[in-house]
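Undergrad: here is a sequence with its predicted model. Questions after.
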Amino acid sequence: MDILALLRRDHDAFFAAIASIAALLEPGAFQRATVRSKGHALVLQLQIHARSEERSLYAGLFALARAPPNVREHLDRKGREGVCEHQSIDDATLRFERIIDDDKCLRADILAELTVVGELLEHHARVEEEGELFPEVERHFSMEERQGLGAEMESLRLALSVAPERLRLAAVLAT
């Protein structure tokens, strides 16, 4: 699958999951156990997505040898910026994960952390990636190259999904 289609599909799924969790945090609808379960699933998928994206798409941007030097430099900068944004999202998701595990935390505090995760993800996924980076990738990578990157990302995602939690967390903290 084209890596851009794969990433868009992931982004849509993340926003749907955030909306689903937010609905569980509405007054009168608060379900701590379900929020916790769905929250952990979201955090896991975000971590797997980010690490596999960094090692496939962003690494592909860094290695784009056939582009003119100014394009390579621009794409390299966008890839590095993406990694930095992933680190900010990782920090927010780790805070979110801690708060959903704390039985003393208020519903409003959980919603606040979820909102921050959603806002960071909105900027990163919709503005930076889909709005700015993806058109560049479409211009400089053939469909065959994008499908190769997509296959690589799928393989990395599978490997991370079966890795023990401590290895996934180490991958998050290493970025």
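TA: Structure received. Please read these numbers as outputs of a predicted model, since none were measured by experiment.
Undergrad: ok, Asp90 to Leu111 distance?
TA: Distance of Asp90 to Leu111, computed by Cβ to Cβ, to the nearest Å: 20 Å. Heads up, the C-betas are built off the backbone N, CA and C, glycines and all.
Undergrad: between the two, which is the more surrounded one?
TA: Counted by other Cβ atoms under 10 Å, Asp90 and Leu111 do not tie: Asp90 has more neighbours, with 21 against 18.
Undergrad: so the more buried one sits against His49, correct?
TA: No: the criterion here is Cβ atoms under 8 Å, and Asp90 misses it with His49 at 11.1 Å.
Undergrad: how about the nearest residue to Tyr58, chain neighbours excluded?
TA: Gly79 (4.0 Å; Cβ to Cβ, 6 or more residues apart in numbering).
Undergrad: could you identify the longest helix within the chain?
TA: Scanning the chain for the helix with the most residues, using DSSP state H, yields helix 69-101.
Undergrad: following element in sequence after that helix, please.
TA: Toward the C-terminus, helix 69-101 is succeeded by helix 107-121 as the next helix or strand (DSSP states H and E).
Undergrad: quick check: the closest residue to Lys78 other than its chain neighbours vs Leu158, distance?
TA: Leaving aside its chain neighbours, Lys78 sits nearest to Leu133 (5.2 Å; criterion: Cβ to Cβ, 6+ apart). Per Cβ to Cβ, Leu133 is found 24 Å from Leu158.
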